[in-house]
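K.L.:
Generate coordinates for the sequence data below:
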Amino acid sequence: MVSKMAMRQSFSRIGMPGDNSWSESFYSIMKKELIFQLGRFPTRESARQGVFQYIEGFYNTSQGQKCLGFSSPYQCLQNWSLNQ
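P.N.:
Numbering: from 1, shown residues only. Predicted coordinates:
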């Protein structure tokens, strides 16, 4: 199925099972907060727009991350830019 859709499966490096843990965590959160609440998207384009709006309009601007000192990715980037 993956090859029919011109996709390439992601694998961790040998002996490094945590390589993909951050992405697996993000996708799990996105599924819970976006996909499972809204249900199915009528078209591929509406799904693409919904995911973009979730990431850029909500997740990056308001979701605090533990590894970023509980600030959002956007806040962390602003703080980093100010200190450069």
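
K.L.:
Please, where are all the helices along this structure?
P.N.:
If DSSP state H is used as the criterion, the helices of the chain fall at 21-30, 36-38, 44-54, 60-62, 73-82.

K.L.:
which parts of the helix-or-strand element of the chain with minimal mean pLDDT are buried?
P.N.:
Lowest by mean pLDDT, DSSP states H and E among the helices and strands of the chain is helix 60-62, with a mean of 73. Across helix 60-62, burial judged by 16 or more other C-beta atoms under 10 Å covers Asn60. C-beta here means a position set from N, CA and C on the backbone, and glycine is covered the same way.

K.L.:
tell me what it is packed against?
P.N.:
Packing contacts for helix 60-62, counted by 3 or more C-beta pairs under 8 Å, 6 or more residues apart in numbering; DSSP states H and E, involve helix 73-82.

K.L.:
can you list contacts of the helix it packs on?
P.N.:
Outside of helix 73-82, the residues within contact range by C-beta atoms under 8 Å, 6 or more residues apart in numbering are Tyr59, Asn60, Thr61, Gln63, Gln65, Leu68, Gly69, Ser71.

K.L.:
May I see the residues you listed organised as JSON lines, with distance to Phe26 added?
P.N.:
Listed next are these as JSON lines, based on distance: C-beta to C-beta, whole Å:
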{"residue": "Tyr59", "distance to Phe26": "8"}
{"residue": "Asn60", "distance to Phe26": "11"}
{"residue": "Thr61", "distance to Phe26": "15"}
{"residue": "Gln63", "distance to Phe26": "10"}
{"residue": "Gln65", "distance to Phe26": "10"}
{"residue": "Leu68", "distance to Phe26": "13"}
{"residue": "Gly69", "distance to Phe26": "18"}
{"residue": "Ser71", "distance to Phe26": "16"}
